[in-house]
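Engineer: here is a sequence together with a model predicted from it:
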Amino acid sequence: MLKQGREIKIDISDLFKTSYGTVDVTKLKSIFLNVSSWVEPINESNNWSVPVNRIKSKIKKSLHNQLVSTPFKDKAIIDLDLRTSGIRKGKRSFMRCEVTLFLDSKRKIDLRSLEMSHSINKITNNIIKESLLSSETFKFYNSKK
């Protein structure tokens, strides 16, 4: 069986590793967008669920504002993976955000097209600048050390 998935790395920020791709390039129905980084809390807290949920909410809000001018449908799945149980000041924790975007079935678009690249770059920049870097709770790093 041939491998159908494709992933394209994009270099947007020094602090975040970013890529996008699809599971099935022959029947392009959805695109995944990955943003990962290492985070360290700026302050101490007893409940990390609140700031993590606030970041996820910011990502949802900024993403849905962006989807209008893209080849994607109005719905998206956002999976922010940041384990709240291990977060401590002075210790870096791994964060990964995967966004699944669904393509409008009426439009035929290629994964490597300029329109797809521009849309993904715009969405990724928006997620990084408006949702992640605007956080006053965490500082972001490109590696664990």
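Structural biologist: That came in fine, so what should we check first?

Engineer: which element is Arg54 on?
Structural biologist: In the assignment (DSSP states H and E), Arg54 maps to helix 49-66.

Engineer: so who does Ile31 touch?
Structural biologist: Tyr20, Gly21, Thr22, Phe72, Thr100, Leu101, Leu103, Leu111, Met116, Ile120 (Cβ atoms under 8 Å, 6 or more residues apart in numbering). In this view, the C-beta of every residue, glycine as well, is placed from N, C-alpha and C.

Engineer: mind pulling up the pLDDT for it?
Structural biologist: As predicted, Ile31 sits at a pLDDT of 94.

Engineer: okay, now the sheet partners of the helix or strand hosting it, with direction.
Structural biologist: Counting by DSSP H and E, the element that carries Ile31 is strand 30-41. When sheet partners are counted by DSSP bridges, strand 30-41 sits next to strand 17-22 (antiparallel), strand 93-103 (antiparallel), strand 138-141 (antiparallel).

Engineer: and the ones you listed as JSON lines, adding distance to Gly86 and mean pLDDT?
Structural biologist: Output for the strands paired with strand 30-41, formatted as JSON lines (distance: least, Cβ to Cβ, whole Å; pLDDT from 0 to 100):
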{"stretch": "strand 17-22", "distance to Gly86": "20", "mean pLDDT": "96"}
{"stretch": "strand 93-103", "distance to Gly86": "6", "mean pLDDT": "95"}
{"stretch": "strand 138-141", "distance to Gly86": "13", "mean pLDDT": "96"}
